[in-house]
Structure formats: structure tokens, C-alpha cells
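>>> Sequence and predicted structure are below.
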Amino acid sequence: MQTNPVCFVCEQKLKLHCQLQQHDLVMHGRWVTHFHFFRFHKLGVLQKLLFHLKYKGRQRIAPFLIQIIYRLSNQAFSASADYLWIPVPLHPLKQKKRGYNQAAELAKELAESYGGRCLEDGLLRVKNSKSQTKMTLRERQANVENAFQINPKANLQDGKIVLVDDVFTTGATLASCFLCLVQNGFLDVRFFTLTMRQ
């Protein structure tokens, strides 16, 4: 479905294409469902919004994008009260520098819109990985290998877990989080990203 939402800053219409996309992937020998919504265009409006959300402190972009998704796809994408929305964590040093985790901002908005609970500290990033922007798939996989662990202080219970991130590029980061969860007995896991970069 096509929409032209209005920017809350300049009040101009934005060319954003929002349509539920669902892919079933095989990761570490298990099937996992990946949901994403916005079509990605290099140097397009979405890429600019994500850049400002991630690096420029524009946290209010998160509720803006989630509300677009909710209004247009709430019938197609159903969630329930037992969902645990878990953001892909940043390393503490990176989060301290940035001031927040953009995936956590998205996860909080998803829980508020669709129901369920956001468990912002469900996973910990224990390896301060390098930026993956220019890495190949294998380099990314090595970069995030053993980068995550379950937070023993979090109330992480068995249920429907949704791992949340802004962009699915190669899937290496989400796969590493997924493996961490599966190895700890959490088998009902799916992915949610705003977009899939191809």
C-alpha cells in the first residue's frame, strides 16, 4: 500500500512506500520469520530518516515511523500481549557516546502500539564490535560472533520474542542475537526491522 505521510518538522509530504513484507529464513538450522515494512532506496527519504534517528539524536522519528506502520498494517501484522520486544543492543561504550539505542526506541513504540512488553535490557552486547558498514557478509559474521549474551538480571521469560532492529542488511547481527537466544532455550523468535537493505 502506498502512503504519503507528512513530515512533522517541515510539513511536507514524504515519499515513503510502506507494505508488510514477510520472509521465512533459515538461521543456524532453524526457521525464523522476518517482518519489514518500508522499501529501501539508496539516498531516499527513509535512509535520511534512519541516519537522523541513528546518529543525530532525532529519537522522535521512531514513533513517527512506527505509527505509519501501525496505521497501515495493523490488520496484516498481528501481535499479542505475550510478545517480548527485544532490541538489538549496543555496546555500553557506544550507547554512552550516542546517548540512546535507536532499536530500543523502536521496540518501545512497537510494544505501545501492538501490545506486549519491551524488554530493553533482555540482551547484552559484550563485544564492542567495529562498524560493519563496509564489511562483507563473512567479515560481519566474524565481527559479531559471540557478541551477545542473555542479561541474567532481565526478566526474560519463555514466550514470543521479537528481535527489533532498524535495518536488515546481511542479517549477521540478528543471526548472532538469534543464536544466543536459541542456545539459552528460547525457540519462538522472530525478527522485526523497518526495512531490508538489498
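That came through fine.

>>> The most centrally placed residue in the chain pairs with what?
With distances taken as CA atoms, centre = their mean, the chain has D165 as the residue nearest its mean C-alpha position (1.5 Å). In this entry, D165 is beta-bridged to T193, by DSSP bridges.

>>> That one contacts L174, doesn't it?
Yes - in this structure, D165 is within contact of L174 by CB atoms under 8 Å, at 6.2 Å. C-beta here means a position set from N, CA and C on the backbone, and glycine is covered the same way.

>>> got the residue ranges for the strands in this protein?
Here the chain has its strands, by DSSP state E, at 2-3, 16-27, 30-38, 83-87, 117-118, 123-125, 148-150, 160-168, 189-196.

>>> Just the buried positions in the third one, please.
I take that to be strand 30-38. Buried residues in strand 30-38, counted by 16 or more other CB atoms under 10 Å: 32, 34-38.

>>> Tell me where the model's unsure across the protein.
Applying pLDDT under 70 to the chain flags residues 1-15, 74-79, 198.

>>> ok, how many other residues are close to the closest residue to L137 other than its chain neighbours?
Ranked by CB to CB, 6 or more residues apart in numbering and with sequence neighbours excluded, the top spatial neighbour of L137 is T170, at 4.7 Å. T170 has 16 neighbours, counted by other CB atoms under 10 Å.

>>> Just the terminal-to-terminal distance for stretch 123-136.
Taking CA to CA, to the nearest Å, stretch 123-136 runs 25 Å from one end to the other.

>>> Please apply the same query to stretch 113-128.
Using CA to CA, one end of stretch 113-128 lies 32 Å from the other.

>>> gap between F148 and L93?
F148 sits 15 Å away from L93, taking CB to CB, to the nearest Å as the criterion.
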